[in-house]
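Trainee: sharing a model that was predicted from the sequence below.
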Amino acid sequence: MSRLFRAVIMGPPGSGKGTISERIARGFGLQHLSSGDFLRENIASNTEAGVLAKTYIEKGLLVPDHVMTRLLLPRLEEMTCHSWLLDGFPRTLAQAEALNSSCELDLVISLNIPLETLKERLSHRWIHQASGRVYNMCFNPPRVQGVDDITGEPLIQQDDDKPEALVARLRHYKDVAKPVIDVYKAKGILHTFSDTDTDRIWPYISSLLSAKIPTDIADAQRASTH
Ligand SMILES: Nc1nc2c(ncn2[C@@H]2O[C@H](COP(=O)(O)OP(=O)(O)OP(=O)(O)O)[C@@H](O)[C@H]2O)c(=O)[nH]1
Ligand SMILES: Nc1ncnc2c1ncn2[C@H]1C[C@H](O)[C@@H](COP(=O)(O)OP(=O)(O)O)O1
């Protein structure tokens, strides 16, 4: 079995993690695991963990590290035969240490996007809650305004995407993400991208992954996901 590839993508709310993760999954066959989507699935299916996580998320709080780690690491155990890309985890130093003790990462992508750009993007973000599909009225609008392309169900805007909520979320993100970024910088696996446009960042990320992911892994993953 060829060696597997383990990557993490980090960035503040609205930085384009989900958008870029979807392109990486499609182009390189990595399995994309978003911690936010994973929690929403648990909440939707009313699992014990989902019920617990919901009590924090509905207050706009992060799920406590020990709960998050206990939830996510077993999910990663189920993905040991896949190369994967983690989005939204680790978010804190404790989570990074828990992850580092269970597997060796190959690459961490960090998105460094200006506040004004984040505000602009999130003010136009619409989400199909059930699937997690993300739209943007300026960047990738739905075919019919306010309606999901696949299911035809209504799209929603998240309360914490509003500008007044974003500043607090951004400050909190910076506080908790900095030690995590420092750990991965020290490991020499951190790659930071700064721009206001995902389409300008994407070619650099794509060529970085092409250089880092051995072709036998990329080919095998693409074959297994089609
Ligand atoms: N105008 C514009 N919008 C973008 C660009 N890249 C992504 N978006 C949109 O901006 C919003 C945020 O992108 P996401 O991929 O959801 O960002 P994220 O980092 O996953 O956000 P969180 O899930 O809140 O952490 C979405 O509506 C995207 O469609 C871009 O280059 N320009
Ligand atoms: N790694 C993590 N640790 C703790 N809480 C997390 C988490 N990932 C997600 N959550 C919780 C808090 C987030 O506000 C919520 C939704 O996550 P998300 O979809 O990534 O959106 P957000 O941009 O708010 O982080 O789930």
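Mentor: Perfect, thanks for sending it. Ligands and ions are numbered 1, 2, ... in the order given.
Trainee: now do the contacts for the residue in the chain positioned nearest to ligand 2.
Mentor: Per CB to the nearest ligand atom, residue 36 is where the chain lies closest to ligand 2, at 2.0 Å. Where C-beta positions appear, they are placed from N, C-alpha and C, glycine not excepted. For residue 36, the contacting residues are 87, 88, 132, by CB atoms under 8 Å, 6 or more residues apart in numbering.
Trainee: and the residue most central in space within the chain, what's its pLDDT?
Mentor: Per CA atoms, centre = their mean, the C-alpha nearest to the average position across the chain is that of residue 87, at 2.4 Å. pLDDT recorded at residue 87 is 97.
Trainee: enumerate the residues of the protein near ligand 2.
Mentor: 13, 35-36, 39, 57, 62-63, 68, 88-89, 91, 95, 160 (CB under 6 Å from any ligand atom).
Trainee: what's the offset of the longest helix seen in the chain from the middle of its chain?
Mentor: Taking DSSP state H as the criterion, the chain has its longest helix at helix 163-187. Its chain's average C-alpha position is 14 Å from that of helix 163-187, according to CA atoms, centre = their mean, to the nearest Å.
Trainee: contacts for that helix, please.
Mentor: 8, 10, 12-14, 60, 62, 90-93, 95-96, 100, 105, 108, 110, 115, 118-119, 122-123, 159-160, 190.
Trainee: if we can go back for a sec, list the beta-bridge partners for the residue nearest to the centre of the chain.
Mentor: Beta-bridge pairing for residue 87 (DSSP bridges): residue 9, residue 34.
Trainee: from residue 151, how far off is it?
Mentor: Taking CB to CB, to the nearest Å as the measure, residue 87 falls 22 Å from residue 151.
Trainee: can you check residue 179 too?
Mentor: From residue 179 to residue 151 the distance is 40 Å (CB to CB).
Trainee: what of residue 39?
Mentor: On the measure of CB to CB, residue 39 and residue 151 end up 21 Å apart.
Trainee: in terms of neighbours, single out the busier of those two.
Mentor: More neighbours surround residue 39 than the other of residue 39 and residue 151, with 23 against 11 (other CB atoms under 10 Å).
Trainee: beta-bridge partners for the closest residue to residue 157 other than its chain neighbours, please?
Mentor: Leaving aside its chain neighbours, residue 157 sits nearest to residue 126 (5.9 Å; criterion: CB to CB, 6 or more residues apart in numbering). With DSSP bridges as the criterion, residue 126 is bridged to residue 135.
Trainee: how much space between residue 126 and residue 36?
Mentor: 16 Å.
Trainee: what of residue 97?
Mentor: Taking CB to CB, one finds residue 97 at 21 Å from residue 36.
Trainee: likewise residue 112?
Mentor: From residue 112 to residue 36 the distance is 20 Å (CB to CB).
Trainee: what about residue 20, neighbour count?
Mentor: Residue 20: 23 neighbours (other CB under 10 Å).
Trainee: now it: which helix or strand?
Mentor: Using DSSP states H and E, residue 20 falls within helix 17-28.
Trainee: so for that helix, mean pLDDT?
Mentor: 95.
Trainee: now it: how far from the chain's centre is it?
Mentor: 9 Å.
Trainee: so it, near ligand 1 or not?
Mentor: Yes - residues of helix 17-28 contacting ligand 1 under CB under 6 Å from any ligand atom: 17, 18, 19.
Trainee: residues contacting the first one?
Mentor: Pointing back at residue 17 there. 9, 10, 11, 34, 87, 88, 111.
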